[in-house]
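1. Kindly generate the corresponding structure for this input.
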Amino acid sequence: MRVNKSELPPKRKSQTWRAVILVLWLAAGLGAAETKTLVFFGDSLTAGFGVDPDEAYPALIQKKIDDAKLPWRVVNAGLSGETTAGGLRRLDWILRQRTDIIVIELGGNDGLRGIAPATTHSNLTAMIERIRQRYPDVKVVIAGMQMPANMGPEYTRDFAAIFPEIARTGGVVLIPFLLDRVGGVATLNQVDGIHPNAEGHQIVAETVWRTLHPLL
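-> From the prediction side, this is the model:
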């Protein structure tokens, strides 16, 4: 028998609308759960220093995700000038939002400042531990970096070794070198020779996508 809601007593009406609201709320919650979050946690390379925000590699990754019709949203948590020590201090604020994959792109500013590789290694390791404490199922990706030759052969060697070592011992996914095919190429960088231009960011996005795509 079909029931006309207008004929229901006040108590039954209230119960009916509560049930409707609950169903709508649960449906919205399920829809939200289907979209996962990918966070890029880095410095000026991630922030897109010197280029339009839509030209920075995190935005280009979002476009690739959208084109592939994958249920992921990208959060650009890049901050120009950030070191691994600064990132460690900022991390708790970033982790206030649910994170399913986090890409750590930090360490470049440490290297340019000549910070001891052991300190950079320690800070990155502490970040990974803190992320996993908050979200045990999170997938962590670390972006490898390299220093220019003028930092000296010993320092450049020790610095470059940080990232594969962390990936090996920490069980995280490694992007071997974020600036592969971009670093040191004048036509792909801005006048400072450090930050990629728009064309350079496109290549960086391709490098990152090769690692990320299988994880999404």
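2. Number of residues surrounding Leu60?
-> Neighbour count for Leu60, taken as other CB atoms under 10 Å: 22. Bear in mind the C-beta positions are built from the backbone N, C-alpha and C, glycine included.
3. Kindly report the same for the one 4 residues further on.
-> Other residues near Lys64 come to 17 when the count uses other CB under 10 Å.
4. tell me which element the residue nearest to it when sequence neighbours are not counted is part of?
-> Using CB to CB, 6 or more residues apart in numbering and skipping residues adjacent in sequence, the residue nearest Lys64 is Trp209, 5.5 Å away. Assessed by DSSP states H and E, Trp209 sits inside helix 198-212.
5. Show me what that helix is packed against.
-> Packed against helix 198-212, as judged by 3 or more CB pairs under 8 Å, 6 or more residues apart in numbering; DSSP states H and E, are the following elements: helix 57-67, strand 101-105, strand 139-143, strand 173-175.
6. buried sites along stretch 174-183?
-> Neighbour-count burial for stretch 174-183 flags Leu174, Ile175, Phe177, Leu178, Leu179, Asp180, Val182, Gly183 (criterion: 16 or more other CB atoms under 10 Å).
7. quick one: which of the residues you listed is nearest to Pro196?
-> Nearest to Pro196 out of the buried residues of stretch 174-183 is Val182 (CB to CB; 5.3 Å).
8. as a whole number, average confidence for stretch 95-113?
-> Along stretch 95-113, the predicted local confidence has a mean pLDDT of 97.
9. Can you check the distance spanned by stretch 105-120, start to finish?
-> Using CA to CA, to the nearest Å, the end-to-end distance of stretch 105-120 comes to 12 Å.
10. Numbering from 28 from now on, please.
-> Right, with 28 as the first residue, what we last looked at is stretch 132-147.
11. Could I get the buried residue list for it?
-> Judged by neighbour count (16+ other CB under 10 Å), stretch 132-147 contains these buried residues: Glu132, Leu133, Gly134, Gly135, Asn136, Asp137, Gly138, Ile142, Pro144, Thr147.
12. All good on my end, thank you.
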